[in-house]
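Novice: what's the 3D shape of this:
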Amino acid sequence: MSANTGAKKTGKVSNFFKGVRSELRKVSWPTRKELINYTMVVIAVVTLMTLVVWALDLVFNGLFSIFV
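Specialist: Below is the predicted model:
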């Protein structure tokens, strides 16, 4: 390998991270209040879905025990 290959890779990596930084500046970041609200919604939905799956598990377990 030549010495230029290492320089080209370094340049590509450098350009990649410059591009990442540029794109992250364009992101519309949520405010603290929005972030808290979104987090609470996610926790509520996950809790609700957990309860639904748990209830369905109880129902199907009961039905299965009747037939077996």
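Novice: List phi and psi for Trp29.
Specialist: phi -80, psi 140 (degrees, to the nearest 10).
Novice: tell me, how many neighbours does it end up with?
Specialist: 7 (other C-beta atoms under 10 Å). Backbone N, C-alpha and C define where each C-beta goes, glycine included.
Novice: ditto for Val46
Specialist: 10.
Novice: Then Val68?
Specialist: 5.
Novice: so what pLDDT did it get?
Specialist: Note on Val68: pLDDT of 82.
Novice: how close does it get to Val59?
Specialist: Look at Val68 and Val59: by C-beta to C-beta, to the nearest Å, they are 15 Å apart.
Novice: go on, Met49?
Specialist: For Met49 relative to Val59 (C-beta to C-beta), the value is 16 Å.
Novice: List the contacts of the residue nearest to the spatial centre of the chain.
Specialist: A centroid search over the chain (C-alpha atoms, centre = their mean) returns Val42, at 11.6 Å, as the residue closest to the centre. Shown in contact with Val42 (C-beta atoms under 8 Å, 6 or more residues apart in numbering): no residues.
Novice: Counting residues, name the longest helix you see in this structure.
Specialist: helix 32-67 (DSSP state H).
Novice: any idea how far that one is from the chain center?
Specialist: Relative to its parent chain, helix 32-67 has a centroid offset of 19 Å by C-alpha atoms, centre = their mean, to the nearest Å.
Novice: So Ser28, which state does it fall into?
Specialist: With DSSP: H, G, I helix; E, B strand; the rest coil as the basis, Ser28 sits in coil.
Novice: For it, what are phi and psi?
Specialist: phi -90, psi 100.
Novice: Check the burial of it by counting its neighbours.
Specialist: 4.
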